[in-house]
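A.B. asks: Return atomic coordinates for the entry below.
(one chain, ligands or ions: 2)
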Amino acid sequence: MTKGNINVSVENIFPLIKKFLYSDHEIFLRELISNATDATLKLKHLTNIGEAKVDYGNPKIEVKIDKENKKLYIIDQGLGMTAEEVEKYINQVAFSGAEEFLEKYKDSAKDSGIIGHFGLGFYSAFMVAEKVEIISKSFKDEPAVHWICDGSPEFTLEETTAKTDRGTEIILHIAEDSTEFLEDAKIRELLTKYNKFMPVPIKFGTRTETLPLPEGAAEDAVAETVEVDNIVNNPTPAWTKSPSELKDEDYKAFYHELYPMQFEEPLFNIHLNVDYPFNLTGVLYFPKLANNLNIEKDKIQLYQNQVFVTDEVKGIVPDFLMLLRGVIDSPDIPLNVSRSYLQADGAVKKISSYITKKVADKMVSLINENREDYDKKWNDIKIVIEYGMISEEKFFEKSDKFALYPTTDGKYFLWNELEEKIKANQTDKDGNLVILYATNADEQHSYIQSAKDKGYEVILLDSPIVPHLIQKLETSKEKISFARVDADHINNLIKKDEPAISKLNETEKESLKKNVEESINDKKFTVQLEDLDSNDAPFTITQPEFMRRMKD
Ligand code: ADP
Ligand code: MG
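C.D. replies: Numbers count the residues shown, from 1 in each chain. Ligands and ions are numbered 1, 2, ... in the order given. Below is the predicted model:
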């Protein structure tokens, strides 16, 4: 037997990183800004605990394009690196300084918001750059350093006097095949996508601001303008704040900040905030959905420590929650290479069941707080709730507390209220409760009317997933069955009242029935004679329940 070590040569790793590390080349910017953010947050932490005796100030991160020289700059005012640190953190691929920092300051820094994880992010720069420079000056009293690497495993590292202020400049010499990253519009797009809510202000260019006119200024006075930093992000988005700091307007404003093209107001929001057994914050919104299952735009966004990860959340959050909007942020969501990894990740699974529970809890508190208001919103939220009931067992188990069953005349019953209402009047011979429902109030109008005339309650279930919902309810609840108002089950209901005396005798009735049946000429239908005097529908034509469900 031979044993040995597989020899991994760095020469081979670079092209691999370049090609395969991330499927999307554009995320290099997210990675470098994450590093700049980490460097800033680390310094903040060190000054907080007194380990760095420097003025933290109001640091920002600057992104700058030098189109002529094909360079892209990412400049921070964070803790910087000494020559020794560059050797340690940069020259060792897959050694994460972020993890080391969190390990070292375990207790005090666990909520510091440090992003890095795998020690690979920096090298994503080589996906778009043929050469990368680092110029860095540490907060420690040491000379600045200059590192240059052209994507081969060779690098140069030397002291420099060119940088006197604290922090790090990353300079990317953009490769021929990546010149799109020298375009203002492209960089702005990426900053908006990935960095919109990162915790350190990010400057990209400047903008002109008009100063207010001084008091008592002449009417024709021209307002002065100044150039100010163009800050592209909001470092303190709603989900990072505590619910007690936020008013309804703040949640609404944040909704529009998340979805600038969305003009409708959300119905309500759910503020997520846990720190055990995992960390998670977020704000979810219920949009006005009615029966609309189109969820293509304005999807839930997943963040890790305020860095955008993805809005392709299928498999990460339960399907029914994909109908909601908003943000979920967890440091436990790996800022990872592939989505399949995310879907299989244990932490992500727990997150998903936690959110389901939170949504159920929120529904319970909403209905308890203001039943009338909840009733009013039901038609816009029912699709989410019903979808959740048929797809998530845990959600279904709680749904008796918040799922409503509206009647065709505008009353909204909880399950037990509905049972209470119909139990005296709507049973079949086996003692099962028969729940009469309609799926279309207009089309089934005469059936609804005739059921109501008999004193039955008819509930209106008109969402596209109703057949599944009914099946779920029938298989989960005991001694109930559903019958559509125009189905023949309705005939099985035990009639409490004596039948009205009809003007037609039995023979006349039989012949009328036969006539109608012959003119329909379809065995699938049954003709049922009604109370011919007091009813506006003298007879009804019904079909077996299963046929009714199949059609929809
Ligand atoms: P990670 O961020 O996962 O730790 P990276 O490959 O992104 O790994 O970066 C490696 C390390 O290099 C960081 O952990 C950090 O110690 C150091 N580093 C990278 N960029 C900067 C920067 N702008 N300022 C200070 N240190 C940095
Ligand atoms: Mg990193």
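A.B. asks: Tell me which residues of the helix or strand containing Lys203 come out buried.
C.D. replies: Lys203 belongs to strand 202-210 when assigned by DSSP states H and E. For strand 202-210, the neighbour count (16 or more other C-beta atoms under 10 Å) marks 202-204 as buried. Where C-beta positions appear, they are placed from N, C-alpha and C, glycine not excepted.
A.B. asks: Likewise for stretch 211-224?
C.D. replies: Going by 16+ other C-beta under 10 Å, stretch 211-224 has no buried residues at all.
A.B. asks: Span of that stretch from start to end?
C.D. replies: 5 Å (C-alpha to C-alpha, to the nearest Å).
A.B. asks: Also stretch 397-405?
C.D. replies: Across stretch 397-405, first to last residue, C-alpha to C-alpha, it's 16 Å.
A.B. asks: Equivalent analysis for stretch 58-67, please.
C.D. replies: End-to-end for stretch 58-67, by C-alpha to C-alpha: 28 Å.
A.B. asks: Now do the longest helix seen in the chain, average pLDDT.
C.D. replies: Counting by DSSP state H, the longest helix found in the chain is helix 346-369. Averaged over helix 346-369, pLDDT sits at 87.
A.B. asks: before we move on, what about stretch 476-494?
C.D. replies: 81.
A.B. asks: what's the following helix or strand after the longest helix of the chain?
C.D. replies: helix 371-391.
A.B. asks: Restricting to C-alpha, output that following helix in PDB.
C.D. replies: Extracted C-alpha coordinates of helix 371-391, given in PDB (Å, rounded to 0.1, in the frame of the first residue of the first chain):
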ATOM      1  CA  ARG A 371     -60.900  40.800  13.600                       C
ATOM      2  CA  GLU A 372     -62.800  43.200  11.400                       C
ATOM      3  CA  ASP A 373     -59.700  44.400   9.700                       C
ATOM      4  CA  TYR A 374     -58.500  40.900   9.300                       C
ATOM      5  CA  ASP A 375     -61.800  39.900   7.700                       C
ATOM      6  CA  LYS A 376     -61.400  42.700   5.300                       C
ATOM      7  CA  LYS A 377     -57.900  41.700   4.200                       C
ATOM      8  CA  TRP A 378     -58.800  38.000   3.900                       C
ATOM      9  CA  ASN A 379     -59.400  38.000   0.200                       C
ATOM     10  CA  ASP A 380     -56.000  39.500  -0.500                       C
ATOM     11  CA  ILE A 381     -54.100  37.100   1.700                       C
ATOM     12  CA  LYS A 382     -56.100  33.900   1.500                       C
ATOM     13  CA  ILE A 383     -54.000  32.600  -1.400                       C
ATOM     14  CA  VAL A 384     -50.900  32.600   0.700                       C
ATOM     15  CA  ILE A 385     -52.600  31.000   3.700                       C
ATOM     16  CA  GLU A 386     -54.400  28.400   1.700                       C
ATOM     17  CA  TYR A 387     -51.300  27.500  -0.200                       C
ATOM     18  CA  GLY A 388     -49.400  27.300   3.100                       C
ATOM     19  CA  MET A 389     -52.200  25.000   4.500                       C
ATOM     20  CA  ILE A 390     -51.900  22.500   1.700                       C
ATOM     21  CA  SER A 391     -48.200  22.500   1.500                       C
END
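A.B. asks: Show me the contact partners of it.
C.D. replies: By C-beta atoms under 8 Å, 6 or more residues apart in numbering, the list of residues contacting helix 371-391 from outside reads 267-268, 286, 288-293, 318-321, 323-324, 356, 359-360, 363, 366-367, 395-396, 399, 402-404, 406, 412, 463-466, 468-469, 472.
A.B. asks: Can I get the buried ones among those as something I can paste into ChimeraX?
C.D. replies: Filtering the contacts of helix 371-391 down to the buried ones (16+ other C-beta under 10 Å) takes a single ChimeraX command:
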select :267,268,286,289,318,320,321,323,324,356,359,360,363,366,367,395,396,399,402,403,404,406,412,463,465,466,468,469,472
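A.B. asks: from the contacts of helix 371-391, which are also near ligand 2?
C.D. replies: Residues of these in contact with ligand 2 (C-beta under 5 Å from the ion): none.
A.B. asks: Strands - which of the contacts of helix 371-391 land there?
C.D. replies: 268, 286, 404, 406, 412 (DSSP state E).
A.B. asks: what is the last one paired to in the beta sheet?
C.D. replies: Spelled out, that is Tyr412. Tyr412 has these beta-bridge partners by DSSP bridges: Pro406.
A.B. asks: quick check: mean pLDDT across the strand holding Lys203?
C.D. replies: The model assigns strand 202-210 a mean pLDDT of 95.
A.B. asks: Touching, Met322 and Lys299? I think so.
C.D. replies: Yes. If you go by C-beta atoms under 8 Å, Met322 and Lys299 touch, sitting 6.9 Å apart.
A.B. asks: what touches both of these two?
C.D. replies: Val313.
A.B. asks: Indicate the residue of the protein located nearest to ligand 2.
C.D. replies: Closest approach between the chain and ligand 2, counting by C-beta to the ion: Gly121, at 3.1 Å.
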